[in-house]
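Novice: Have a look at this prediction, sequence included:
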Amino acid sequence: MQKFFAVVFLCMFFSVEAQVGKLQPMSGTIGNRGTIGNQNGFDQNGFDPQNRDQERSTKSTGKDSIAPIKDYKIITLLNDTIAVDTALSIKKYYRFNYLRKDNFGLLPFANEGQTYNVLKYNIKKPSVFPEFGFSAKHTAYLEKEDVDYYSAPTPYTELYYRSVMKQGQNLDAFVTLNTSKELNFFIGYKGLRSLGKYMNQLSSSGNFRMGASYSSPNKRYLMRTHFAAQDILNQENGGIRDLDLFESSVSPYNKRERLDVYFKDAETLLKGKRFFLNHQYQLNKATKNGLLLTHEFVYEDKRFNFSQLNINVQNDTILRFGSAYQDKIDNKTRYYQLSNKFGAAFQSDLLGRFEFFTDLLKYDYRYNSLTVSSGGNGAEQSIIPNQITKDIALLGGKYLYRKDKWRANLLLSTSLGDDQTSNLEGSLRYDWNEEVSVNFGYQKLNKMADLNYQLYQSDYVYYNWYNDFKNEKYNSFDVSMETPWVTLSGNYSIIDDKLYFSNDRKLLNEFGLPIQLVTTPKQFSGTINYLSLQLQKEFKVGRFALDNTVLYQNAEQSENVLNVPQFLTRNTLYYTDAFFDKALHFQTGVTFSYFSKYYANGYNPLIGDFYVQDQMKIGGYPVFDFFINMKVRTAQIYITMEHFNSSMTGYNFYSAPSYPYRDFTFRFGLIWNFFS
């Protein structure tokens, strides 16, 4: 290991000498991603000329640069634009993980690439259309909104590496280039393999994406497209059986592979392929005012498999998921969707952009055969169909205004059939000055149930259902304020007819947990009132800084359906300096994380989702991470000792009932950017 570090540091310093005279990207602040965006008001490269945060982040350019750093741009699907940035910052440290984003509000499982329990309720915005489901397996799945587009005057490459828990690595390689000022291509692949420390816990995943963006020389035609192919494989052990052995962690059970688990031969696989195209054409000559035709096309197919070679391998008198039709389990769920969104827009430099559209969605969710449900407990038999096929048509309009200090966005859509799907969404932002802004948002959503709530088939007898649920209804109010002193955000949501999974069997073991999991979908007929308040503030004294993020949340409900910890905090005390004539930038510090005890959702790998439970509370344990971050030119090095206090504060840490959180782990990684 010492030799490895020596080689890495030598490479870093040789890189300093080798790159003299080449591009030196800015070490400034990354531009903010706004909450609203569209093509109106953007220049030919997708930049919003009125976005002051963006302007502030692109003023500086290294004197040795072969191209201005502002020309290296990352552009989201909503046209929010940031400049590529190689600065060393605590915000980047928070994003140095498997998801490549700040995971505050998410609780990872023991092995890299497993699922995450949700600590913050509204961390993911609900979709207008019914989704595939199996949400626990989609945390690392790249949706169409997660794929960015680029503009680069010279080829731009980013290499990411991070060590894993045991026997594997996490790699992410990406390159983009412009063949001309108008045409950009990109290609990237993120791969993971990690054996994990517990039995039957292997994670293996791959996320491939490639795409292009184009604007015609006269700027009348704009296009963005990508193709993504993804697979997420997890061996599923169902959690550990004896919690006392884990919490005592006496030898030999401090070696985690010695702990007995529920399954030794089960695994899940989520695979998906998607082709995406978004383009528009301006009918009149390219000016700030004009009539446009828009079109968005999405084709995506997914499949979710749960397999188990032999359900009797444990010789249990009571099977974990109940009785089965056969000893070998091979559940296969298939899904595809085809979406076409056509629109016509008028954009005016004075009035903003008005657009009317129709969104046509066709989906097919299926299994290979019909199933006859035994009903159980004397219930009548029923036929479980093998597919749901549906066509949904939405008609809607949206309005976008960006002028001076104001940003406004309004979206309204409703279904043309009897689905009663509708969405009203709006936001308003006012930039008081370059450092102070206030943002308000509102959404009223009426959506159909996700498809795995409606239909599911399995070789396990009790995991077969076909339901006709009411639409879920959301009313959500958001407000946020950014200032140089503090950043505040809040959310108040009113939720009706909430769908959830829960366990039907109440027979408990000596640890107060269910011996058997028979998890089925249900609908809460009452109303849930959810409130969250989040504060972020950083204090700096000389080279020392204390970064704080604190969240308070509360859910009022007549039954425990939406369960969240009331209090969640992350506090990082760190030191920043530079050495060797500022050739080496350096940060070191400690991060403290904590959330209050609550009835966390349990995880069921058979359905690839979480279920509500009220038998075991988790939380109330502190997590300390020690880190050293370094930067040489465009290379960033990260060394972390995760949860180094695990043996000091007791082994009572869990990510979900029966699923332990991570032990102390040493992690090493780097991000290296190349601009030629």
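Specialist: Thanks, I have the structure now.
Novice: Okay, now the unreliable bits of the stretch 451-600 of the chain?
Specialist: Along the stretch 451-600 of the chain, the model assigns pLDDT under 70 to no residue.
Novice: can you map out the strands along it?
Specialist: Along the stretch 451-600 of the chain, counting by DSSP state E, counting those that start in this stretch, strands occupy 455-456, 465-466, 472-482, 487-496, 499-503, 519-523, 527-541, 544-556, 567-579, 584-595.
Novice: contacts for the fifth one?
Specialist: Right, strand 499-503. 449-450, 453, 469, 472, 514, 517-524, 561-562, 602, 604, 607, 609-613 (C-beta atoms under 8 Å, 6 or more residues apart in numbering). C-beta: built from backbone N, CA, C; applies to glycine.
Novice: Repeat the analysis, applying 6 Å as the threshold.
Specialist: Residues from elsewhere that reach strand 499-503, judged by C-beta atoms under 6 Å, 6 or more residues apart in numbering: 449, 453, 472, 514, 517, 519, 521-523, 561, 609, 611-612.
Novice: I'd like the distance between Ser251 and Tyr654.
Specialist: Applying C-beta to C-beta, to the nearest Å, the value for Ser251 to Tyr654 is 22 Å.
Novice: Can you verify my assumption that Arg353 contacts Ala344?
Specialist: No - Arg353 is not in contact with Ala344 according to C-beta atoms under 6 Å; the separation is 11.5 Å.
Novice: For Ala656, grab the count of nearby residues.
Specialist: Here the count is done by other C-beta atoms under 10 Å, and Ala656 has 24 residues near it.
Novice: start the count at 609, not 1, going forward
Specialist: Will do, 609 is the new start, and the previous item becomes Ala1264.
Novice: show me what contacts it?
Specialist: Counting by C-beta under 6 Å, 6+ apart, Ala1264 touches 725, 1208, 1210-1211.
Novice: Select from these every entry located in helices.
Specialist: Among the contacts of Ala1264, none falls in helices (DSSP state H).
Novice: For my notes, please list these in JSON lines and give distance to Phe1048 and neighbour count for each entry.
Specialist: Output for the contacts of Ala1264, formatted as JSON lines (distance: C-beta to C-beta, whole Å; neighbours: other C-beta atoms under 10 Å):
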{"residue": "Asn725", "distance to Phe1048": "30", "neighbour count": "21"}
{"residue": "Ala1208", "distance to Phe1048": "32", "neighbour count": "26"}
{"residue": "Gly1210", "distance to Phe1048": "36", "neighbour count": "25"}
{"residue": "Tyr1211", "distance to Phe1048": "36", "neighbour count": "24"}
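Novice: Reformat the residues you listed into TSV and put distance to Tyr749 next to each item.
Specialist: Shown next, in TSV, are the contacts of Ala1264 (distance: C-beta to C-beta, whole Å):
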residue	distance to Tyr749
Asn725	17
Ala1208	22
Gly1210	21
Tyr1211	17
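Novice: Quickly note the distance from Tyr944 to Tyr973.
Specialist: For Tyr944, the distance to Tyr973 - C-beta to C-beta - is 8 Å.
Novice: the more surrounded of these two?
Specialist: Under the criterion of other C-beta under 10 Å, the comparison of Tyr944 against Tyr973 puts Tyr973 first, with 23 against 17.
Novice: Please name the bridge partners of the more buried one.
Specialist: Assessed by DSSP bridges, Tyr973 has beta-bridge partners Tyr943, Ile996.
Novice: I'd like the distance between it and Leu1115.
Specialist: Separation of Tyr973 from Leu1115 (C-beta to C-beta) stands at 33 Å.
Novice: again, but for Asp1086
Specialist: Asp1086 is 43 Å from Leu1115, where distance means C-beta to C-beta.
Novice: Comparing these two, which residue is more hemmed in?
Specialist: More crowded of Asp1086 and Leu1115, by other C-beta under 10 Å: Asp1086, with 18 against 8.
Novice: ok so, going back, and Ser859 and Tyr1262? which has more neighbours close in?
Specialist: Ranked by neighbour count (other C-beta under 10 Å), Ser859 and Tyr1262 place Tyr1262 first, with 25 against 7.
Novice: Count the neighbours of the residue nearest to the more buried one when sequence neighbours are not counted for me.
Specialist: Once flanking residues are discounted, Tyr1262 sits nearest to Ile1226: 4.2 Å by C-beta to C-beta, 6 or more residues apart in numbering. Ile1226: 24 surrounding residues under other C-beta under 10 Å.
Novice: And the pLDDT at Ile1226?
Specialist: Note on Ile1226: pLDDT of 97.
Novice: was I right about it contacting Ala1208?
Specialist: Yes - at 4.7 Å, Ile1226 and Ala1208 qualify as touching, with contact defined as C-beta under 6 Å.
Novice: residue contacts, the closest residue to Tyr701 other than its chain neighbours?
Specialist: Leaving aside its chain neighbours, Tyr701 sits nearest to Asn1237 (5.6 Å; criterion: C-beta to C-beta, 6+ apart). Counting by C-beta under 6 Å, 6+ apart, Asn1237 touches 696, 701, 1195, 1246.
Novice: For Asn1237, what is the enclosing helix or strand?
Specialist: strand 1231-1240 (DSSP states H and E).
Novice: Next, the angle strand 1192-1203 makes with that strand.
Specialist: Using axes from the mean of the first three to the mean of the last three C-alpha atoms, to 10 degrees, one finds that strand 1231-1240 and strand 1192-1203 are set 160 degrees apart in direction.
Novice: and strand 1231-1240, what's its mean pLDDT?
Specialist: 97.
Novice: Turn the contacts of Asn1237 into TSV, including neighbour count, secondary structure and distance to Ile992.
Specialist: Converted to TSV, the contacts of Asn1237 look like this (neighbours: other C-beta atoms under 10 Å; DSSP: H, G, I helix; E, B strand; the rest coil; distance: C-beta to C-beta, whole Å):
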residue	neighbour count	secondary structure	distance to Ile992
Leu696	21	coil	55
Tyr701	22	helix	49
Gln1195	23	strand	56
Tyr1246	23	strand	49
